[in-house]
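*Asks:* predicted model follows, preceded by the sequence.
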Amino acid sequence: MNPRVWINRAAAVACVLLAGLAIASAAAIAGDVAAVNATQLTAPPSPATGSTTRAPAALKPLLRANAATPNVAVGEFINLRLGDLGLFVSAVDVASVRPLGNGLKLAEVRVTAAGSLSDMASVANWVAINREAVRLKSMTVEQGADGRGGCTLVLLMVVA
Amino acid sequence: MPLDSVPELTLDRSSPAREVEVMTRVLRLPTDSVRQARAIVRMQLDRLSPLPVDSIVFDLVRLERAGGETTFALGILRRSALLDPAFSNRRMVALARSADGAEVVFRFRNASAVDDRETRLLAPAPKAAAVALGLAAVLLAGQIRADHWRETRLPAIAAEQRIAARAARDARDQTAALAEWRSLDRSDAATRLLCISSKITAADRSPLALAGAASDATQVRLTPLDAGGAARLAAAGGESAPAGGAAGTPAPVTFGPEVCS
């Protein structure tokens, strides 16, 4: 047999295999680029710089809480402050902590306590005095026979 | 004209350069089709050729048509002549010979040869393989690099997406928080309760016994203990709810947003 013919045949087979390898590599490269582009396209648009609303300058934080345990600090403050006003706090639940800007946050706090109507009036007075730091979203009180009853307060507190 | 009346075969040895002996013969056949003519010659080959039929190959070339007959040139070649090394890579051996005064090219099929078309087509194969090797090497390197780029880029994009999503969520929360805070700008439950209390005590400063109280940013609801308390509350602008509780128990009195607006 003519060796030249066999050499050419082997070269032709090698050419086909290498061409297939080249096509596969090109396809893999295209796939990588497409995957990265597709991932970038599915990313949500970033909010425009400066588009977030700044907190009103009149806001003052009611307390400064540790970023790691804000709920604990809020609970301790509420227990102490409302206790001074005559309420016996039985539960404090921080429903949410949302940013206000300028490093301030708004904490929605649900307080369950025992107290009288006059104690609630004291709380209302305290909230009214500190309007730039705390607001009362809602309150209910049911007076018992002994003059004290269950109270539920929902407060919005500015926290730093 | 019948085949057996045609002149005998002639051996063309005219060209000293031509080493292959081709026996030529001119035939007149009653068909114009080369295919049919070949079938006729194949049947009569033992009479047309002095050599054994299984040791020869033949070719028919149409020369001219005249009336109902066609003149063909028959070329007969020994099979052993095709084993010549010069023909080893030629699938079809073309030999030009003269027949009936005309130059005719006979084509004999060489079954033992490597297809010359293959030789022509595969001649650039080594160069093409070298080019393909270079191209494959470049693309393979590119694929490795692209894979590495993808492995580093995708996590970075995911991290950017998480940051963007968190920023968007914070922006939404901030907007909602500010809106809720500002909704209590004019009055919240505390200021409304204090305002209602001041209205009640403005007319009568005596203590008012209540069973319960509820307040939010839009209304205050006070539950008096007796009818007198209910009357005081109504005088301050409250509206009593329809009686539906137990007998003797005053209904809650509601102060709407128009009171202390």
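*Replies:* Received the coordinates, thanks.

*Asks:* please make it C-alpha for all contacts and neighbour counts, starting now.
*Replies:* Will do.

*Asks:* would you point out which residue is most central in chain B?
*Replies:* residue B:143 (19.5 Å; C-alpha atoms, centre = their mean).

*Asks:* isn't that residue up against residue A:28?
*Replies:* Yes - here residue B:143 lies in contact with residue A:28, judged by C-alpha atoms under 8 Å, at a distance of 6.3 Å.

*Asks:* re earlier: how about the residue nearest to the centre of chain B, secondary structure?
*Replies:* What DSSP: H, G, I helix; E, B strand; the rest coil gives for residue B:143 is helix.

*Asks:* contacts only, for it.
*Replies:* A:25-26, A:28-29 (C-alpha atoms under 8 Å, 6 or more residues apart in numbering or on different chains).

*Asks:* 6 Å - rerun?
*Replies:* A:25, A:29 (C-alpha atoms under 6 Å, 6 or more residues apart in numbering or on different chains).

*Asks:* surely residue B:70 is in a strand?
*Replies:* Yes - assessed by three-state DSSP, residue B:70 belongs to a strand.

*Asks:* how close does it sit to residue B:22?
*Replies:* 22 Å (C-alpha to C-alpha, to the nearest Å).

*Asks:* where are the low-confidence patches of chain B?
*Replies:* B:1-18, B:114-116, B:243-249 (pLDDT under 70).

*Asks:* same for the longest helix along chain A, what does it pack against?
*Replies:* With DSSP state H setting the assignment, residue counts place helix A:3-41 as the longest helix in chain A. Applying 3 or more C-alpha pairs under 6 Å, 6 or more residues apart in numbering or on different chains; DSSP states H and E, we find helix A:3-41 packed against helix B:125-183.

*Asks:* before we move on, the earlier item: distance of the residue nearest to the centre of chain B relative to residue A:23?
*Replies:* Relative to residue A:23, and taking C-alpha to C-alpha, residue B:143 is found at 11 Å.

*Asks:* one more: residue B:105?
*Replies:* For residue B:105, the distance to residue A:23 - C-alpha to C-alpha - is 46 Å.

*Asks:* residues making contact with the longest strand seen in chain A?
*Replies:* Secondary structure assigned by DSSP state E gives strand A:88-101 as the longest strand of chain A. Contact with strand A:88-101 is made by A:54-55, A:75, A:79, A:105-114, B:173-174, as judged by C-alpha under 6 Å, 6+ apart.

*Asks:* also stretch B:231-239?
*Replies:* B:199-200, B:253-255.

*Asks:* which of the residues you listed fall in helices?
*Replies:* Using DSSP H, those in helices are B:199-200.

*Asks:* point me to the helix or strand that includes residue B:39.
*Replies:* Secondary structure from DSSP states H and E places residue B:39 in helix B:34-48.

*Asks:* continuing past that helix, what's the next helix or strand?
*Replies:* strand B:56-66.

*Asks:* quick one: that following strand to chain centroid distance?
*Replies:* 54 Å (C-alpha atoms, centre = their mean, to the nearest Å).

*Asks:* and if you look at stretch A:72-81?
*Replies:* 21 Å.

*Asks:* next one: stretch B:200-210
*Replies:* 83 Å.

*Asks:* mind listing the strands whichever helix or strand residue B:74 is part of pairs with, and their directions?
*Replies:* Counting by DSSP H and E, the element that carries residue B:74 is strand B:69-78. Strand B:69-78 has the following sheet partners, assigned by DSSP bridges: strand B:22-29 (antiparallel), strand B:56-66 (antiparallel).

*Asks:* got the CA coordinates for the shortest one in PDB?
*Replies:* Output in PDB follows, covering the C-alpha atoms of strand B:22-29 (Å, rounded to 0.1, in the frame of the first residue of the first chain):
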ATOM      1  CA  VAL B  22      -5.100  -1.900 -26.000                       C
ATOM      2  CA  MET B  23      -6.900  -3.900 -28.500                       C
ATOM      3  CA  THR B  24      -9.300  -1.700 -30.400                       C
ATOM      4  CA  ARG B  25     -12.200  -2.700 -32.600                       C
ATOM      5  CA  VAL B  26     -14.900  -0.700 -34.400                       C
ATOM      6  CA  LEU B  27     -18.500  -2.000 -34.000                       C
ATOM      7  CA  ARG B  28     -21.800  -1.100 -35.600                       C
ATOM      8  CA  LEU B  29     -24.700  -1.800 -33.300                       C
END
